[in-house]
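Colleague: missing the sequence, but the structure's below:
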């Protein structure tokens, strides 16, 4: 197990569409383990493979609180099969856009279908914070960031801030 560096915008890999995972082998299991360790270390509640530069369709999450027993979840080739009609507004942040939080509108409930680490097909209903986390992480697999749901002005401001920081880091 290893903690991997988390990519930050404007890294182009965060905008790439990921490839499906054909087989759950030791490499994928090690990736899932590294992703969980990286997420817990960050600390965060979710992490998608492109955030550590791996262009594969896998996400990890754990919504357990500090004083609760960890409940790690690994989703391979996840797909949302249903979006509920009720919308909720919640504050979101992202490990790839550190220290910024904005309110985002998303469906309050979803149904997600994925493969677990044992190769079993799973279908789960999710609502509230769990549904938001699923939508946020699955967006990463398609190169979508939560700031894409903001007004153009707010999104441009965020991108400009991180572009400047990236230029300072290089120069």
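Modeller: Good, I have the coordinates. Note that the structure is a prediction, hence the values are computed from the model and not measured.
Colleague: can you tell me the SS state at residue 137?
Modeller: Three-state call for residue 137 (DSSP: H, G, I helix; E, B strand; the rest coil): helix.
Colleague: what packs against the lowest-mean-pLDDT helix or strand in the chain?
Modeller: Every helix and strand of the chain was ranked by mean pLDDT, DSSP states H and E. The lowest is helix 152-170, at a mean of 91. Judged by 3 or more C-beta pairs under 8 Å, 6 or more residues apart in numbering; DSSP states H and E, the packing partners of helix 152-170 are strand 97-107. The C-beta positions use only the backbone N, C-alpha and C, and glycine is treated the same way.
Colleague: can you give me the mean pLDDT across the strand it packs on?
Modeller: Average pLDDT, strand 97-107: 96.
Colleague: packing partners of the following helix or strand past that strand?
Modeller: Next in sequence after strand 97-107, counting helices and strands by DSSP states H and E, comes strand 109-115. Judged by 3+ C-beta pairs under 8 Å, 6+ apart, strand 109-115 is in contact with strand 73-83, strand 121-127, helix 129-141.
Colleague: measure how strand 109-115 sits relative to strand 121-127, angle-wise.
Modeller: 160 degrees (axes from the mean of the first three to the mean of the last three C-alpha atoms, to 10 degrees).
Colleague: right, and residue 95 touches residue 45 too?
Modeller: No. Under the criterion of C-beta atoms under 8 Å, residue 95 makes no contact with residue 45, lying 9.5 Å away.
Colleague: now the common contact residues for these two.
Modeller: Both residue 95 and residue 45 are contacted by residue 39, under the criterion C-beta atoms under 8 Å, 6 or more residues apart in numbering.
Colleague: sorry, back to before: so which of the helices and strands packed on strand 109-115 gets nearest residue 66?
Modeller: helix 129-141 (15.0 Å; C-beta to C-beta).
Colleague: can you give me the buried ones in that closest one?
Modeller: 130-141 (16 or more other C-beta atoms under 10 Å).
Colleague: ok, and the closest non-adjacent residue to the most centrally placed residue in the chain?
Modeller: Centroid check for the chain by C-alpha atoms, centre = their mean gives residue 137 as the closest residue, at 2.7 Å. Leaving out its chain neighbours, the residue that sits closest to residue 137 by C-beta to C-beta, 6 or more residues apart in numbering is residue 59, at 4.1 Å.
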